[in-house]
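# fold the stuff below for me.
(chains A and B)
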Amino acid sequence: NAGVTQTPKFQVLKTGQSMTLQCAQDMNHNSMYWYRQDPGMGLRLIYYSASEGTTDKGEVPNGYNVSRLNKREFSLRLESAAPSQTSVYFCASRGAGGGGKPQHFGDGTRLSIL
Amino acid sequence: AQRVTQPEKLLSVFKGAPVELKCNYSYSGSPELFWYVQYSRQRLQLLLRHISRESIKGFTADLNKGETSFHLKKPFAQEEDSAMYYCALSSGSSNTGKLIFGQGTTLQVKP
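From the prediction side, this is the model:
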């Protein structure tokens, strides 16, 4: 099993360009998440999808949109990239239920906006 | 408000020394707490969760509800423990599984 797969791994954009980050999981997980990781700020939740067909805002949703295409795939779109969106983006997934179920993370996408 | 605080940005110890990475949380309900580790330029990996009360790679963490802490400890640090460590909290009563992360602590184990 590949787990959580993110593409691309690296990308450089110019201010104002648009881009979609792709994420897919093969663990039949219900929930999927997008985080951004910035130095000194830990990981912050951008959007999440608790189950197929639903999406909700996280802590820092401005400037982003998401699509839960099916149970496997959850994409993150930057409509008009800004330098403040330079970051490392992580996708994660989690199985159903409570009981301390952990999230499983992808390798990340390193995005630079010039 | 739910919050996770890791007060140390960097913790530097010598090989063989004890390690304690601090984590304090703010949450009014029944939290689920996790420690994740990120080795250089790799994905985050689950290290520990409080519900399991397990020891992984020699690390342990005990949930102290009175002090609202979940500190990560290891009696003898190894060089391969050098990494970024994140403490994270999830609402035990929610089925969304959302995590709130601390700012992270870089552990540097010197030879």
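# what residue in chain B comes nearest to chain A?
Nearest residue of chain B to chain A, counting by CB to the nearest CB: residue B:51, 3.4 Å away. Quick note: C-beta positions are derived from backbone N, CA and C, even for glycine.
# do you know how far that residue is from residue A:22?
32 Å (CB to CB, to the nearest Å).
# same deal with residue A:79?
In this structure, residue A:79 and residue A:22 are 16 Å apart, going by CB to CB.
# of the two, which one has the most company?
It is residue A:22, of residue A:79 and residue A:22, that has more neighbours when counted by other CB atoms under 10 Å in any protein chain shown, with 16 against 12.
# which of the helices or strands spans that one?
Element membership for residue A:22, per DSSP states H and E: strand A:19-25.
# what angle sits between the next helix-or-strand element following that strand and strand A:19-25?
Sequence order places strand A:31-38 as the next helix or strand after strand A:19-25, per DSSP H and E. For strand A:31-38 against strand A:19-25, the angle by axes from the mean of the first three to the mean of the last three CA atoms, to 10 degrees is 130 degrees.
# name the residues of chain A found near chain B, please.
A:4, A:31, A:33, A:35, A:40-45, A:48, A:50, A:56, A:58, A:90, A:92, A:94, A:96-108 (CB under 8 Å from any CB of the partner chain).
# so for the residue lying closest to residue A:45 once chain neighbours are set aside, what's the pLDDT?
Using CB to CB, 6 or more residues apart in numbering or on different chains and skipping residues adjacent in sequence, the residue nearest residue A:45 is residue A:58, 3.1 Å away. Listed pLDDT for residue A:58 reads 92.
# residue A:58 against residue A:48, yeah?
Yes. If you go by CB atoms under 8 Å, residue A:58 and residue A:48 touch, sitting 5.7 Å apart.
# so what sits against both of the two?
Listed as contacting both residue A:58 and residue A:48 by CB atoms under 8 Å, 6 or more residues apart in numbering or on different chains are A:33-34, B:98.
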